[in-house]
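Visitor: build the 3D model from these lines:
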Amino acid sequence: MKKTTIKILKIILPLLLGVFLIWFSIRNSTPLEREELLENIKSANPIFILISLICGLLSHLSRAYRWKFLLEPLGYKPQFANSFMAVMVAYLANFGVPRSGEVLRGVTISSYENIPFEKAFGTIISERIADFIMLLLVITAA
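Guide: Residues are numbered from 1 along each chain as shown. The predicted model follows:
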């Protein structure tokens, strides 16, 4: 019974926090700001929203696949779904505390796939180094 209660709380508490934060931000806005927000939402082009959602999802899927690919030479074959969820947990954590998601991503995959944290975190660091090198190449090319 205790495990189910913890699982339920892990779902309900973040949702309640999100609802509270939305309510708090709307409560502090003026009626004119609320009306303008509603008009902006209504006038948004659904095609562009769909395109941005697809691009964002592809970005997260490719990052999860790349991470899975980096772990395989170390002898670990994590499930793609667990890699993807760990990446998504990292993005969510970064909203609260910047750069905390990288550590949480390693902890998450370690707990679900029995991969040592040090090895998981090492692949995250190498991934960041590769990202930095690619950024430098793009800047140089531009």
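
Visitor: ok, and the closest non-adjacent residue to residue 112?
Guide: residue 82 (4.7 Å; CB to CB, 6 or more residues apart in numbering). To be clear about C-beta, it is placed using only N, CA and C from the backbone, and glycine gets the same treatment.

Visitor: distance of residue 108 from residue 86?
Guide: Remark: distance between residue 108 and residue 86 (CB to CB, to the nearest Å) = 4 Å.

Visitor: again but with residue 92, I slipped
Guide: 11 Å.

Visitor: can you name the residues that contact the residue nearest to residue 112?
Guide: Contact partners of residue 82, counting by CB atoms under 8 Å, 6 or more residues apart in numbering, are 108-109, 112-113.

Visitor: returning to that earlier point: residue 108 and residue 86 - which one has more neighbours?
Guide: Between residue 108 and residue 86, counted using other CB atoms under 10 Å, the more crowded position is residue 86 (26 against 21).

Visitor: mean confidence for the helix or strand encompassing the more buried one?
Guide: Taking DSSP states H and E as the criterion, residue 86 maps to helix 80-96. For helix 80-96, mean pLDDT rounds to 91.

Visitor: thought residue 60 was touching residue 91?
Guide: Yes - contact criterion CB atoms under 8 Å: residue 60 and residue 91 qualify, at 7.4 Å.

Visitor: now do the helix holding residue 86: distance to the chain's middle.
Guide: 4 Å (CA atoms, centre = their mean, to the nearest Å).

Visitor: now the helix or strand following it: average pLDDT?
Guide: The C-terminal neighbour of helix 80-96 among helices and strands, as given by DSSP H and E, is helix 100-113. Averaged across helix 100-113, the pLDDT comes to 92.

Visitor: convert the C-alpha atoms of helix 100-113 to PDB, please.
Guide: The C-alpha atoms that make up helix 100-113 are tabulated as PDB, following Å, rounded to 0.1, in the frame of the first residue of the first chain:
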ATOM      1  CA  SER A 100      20.200  19.800 -12.400                       C
ATOM      2  CA  GLY A 101      18.600  17.800 -15.100                       C
ATOM      3  CA  GLU A 102      21.900  16.300 -16.200                       C
ATOM      4  CA  VAL A 103      22.500  14.700 -12.800                       C
ATOM      5  CA  LEU A 104      18.900  13.600 -12.500                       C
ATOM      6  CA  ARG A 105      19.100  12.100 -16.000                       C
ATOM      7  CA  GLY A 106      22.000   9.900 -14.900                       C
ATOM      8  CA  VAL A 107      20.300   9.000 -11.600                       C
ATOM      9  CA  THR A 108      17.100   8.100 -13.500                       C
ATOM     10  CA  ILE A 109      18.700   5.700 -16.000                       C
ATOM     11  CA  SER A 110      20.800   4.200 -13.200                       C
ATOM     12  CA  SER A 111      17.800   3.300 -11.100                       C
ATOM     13  CA  TYR A 112      15.700   1.900 -14.000                       C
ATOM     14  CA  GLU A 113      18.500   0.200 -16.000                       C
END
